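> Can you look at this prediction? I've put the sequence above it.
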Amino acid sequence: MPDYNLSYFYVFVFFAVGAFVVGALMTVSRIIAPRRPTPEKLRPYESGEEPIGQAWGRYPIHFYVFALLFVVFDVEVIFLFPWAVIFASLGWYGIVEMGVFIAILVVGLVYAWKKDALSWY
């Protein structure tokens, strides 16, 4: 019977060594990195544009909905790759199952399209 407590010890040692290495590298970087702050270097910089207005601006919700739809459909497409690898061994059952899966995705896409969630104003 294997000793499971020893497995926890290995995980803890791995975590401790990893934390030590990260801490050591950050400390070395802090010590040897040159620091010459100037007002120009300390100014906020965003995408090459001068900061205008307050940082707490409001963004339209459709940007978030569009991004969420992208993530959902992107993750769903990931499920197609394992299916394609074992496609030959699944037979008709696998084809029907994937057909149902893609039909659900198409229904979601049509719903998002009807709700005008895909327009980029």
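Ah, there it is.
> Quick check: which ranges of this structure have low pLDDT?
1, 46-51, 55, 121 (pLDDT under 70).
> Quick check: buried residues in the strand or helix carrying F66?
Here F66, judged by DSSP states H and E, is contained in helix 61-78. Buried residues in helix 61-78, counted by 16 or more other C-beta atoms under 10 Å: F66. C-beta coordinates here come from the backbone N, C-alpha and C atoms, glycine included.
> Next up, phi/psi of D116, please.
Torsion angles at D116 (phi, psi; degrees, to the nearest 10) stand at phi 60, psi 30.
> Against L6, how distant is it?
From D116 over to L6 the distance is 58 Å, taken as C-beta to C-beta, to the nearest Å.
> Next: G23.
On the measure of C-beta to C-beta, G23 and L6 end up 26 Å apart.
> next one: V13
Distance from V13 to L6, by C-beta to C-beta: 10 Å.
> same question, G18
In terms of C-beta to C-beta, G18 sits 19 Å off from L6.
> same deal with W56?
For W56, the distance to L6 - C-beta to C-beta - is 51 Å.
> what does W120 give?
Distance of W120 to L6, computed by C-beta to C-beta: 55 Å.
> who's more crowded, those two?
The neighbour comparison of W120 against L6 (other C-beta atoms under 10 Å) goes to L6, with 9 against 6.
> doesn't the more buried one fall inside a strand?
No: under the criterion used here (DSSP: H, G, I helix; E, B strand; the rest coil), L6 is helix, not part of a strand.
> for G57, helix, strand, or coil?
Strictly by three-state DSSP, G57 counts as coil.
> Tell me how many other residues crowd it.
7.
> Kindly provide the distance from the residue positioned nearest the centre of the chain to I78.
When C-alpha atoms, centre = their mean is applied to the chain, the residue found nearest the centroid is V71 (8.3 Å). According to C-beta to C-beta, V71 stands 11 Å off from I78.
> Likewise for R58?
Between R58 and I78 the distance is 33 Å, computed by C-beta to C-beta.
> Please identify the buried residues of the very next helix or strand once past the helix holding F66?
Toward the C-terminus, helix 61-78 is succeeded by helix 80-85 as the next helix or strand (DSSP H and E). Residues of helix 80-85 include none that count as buried (16+ other C-beta under 10 Å).
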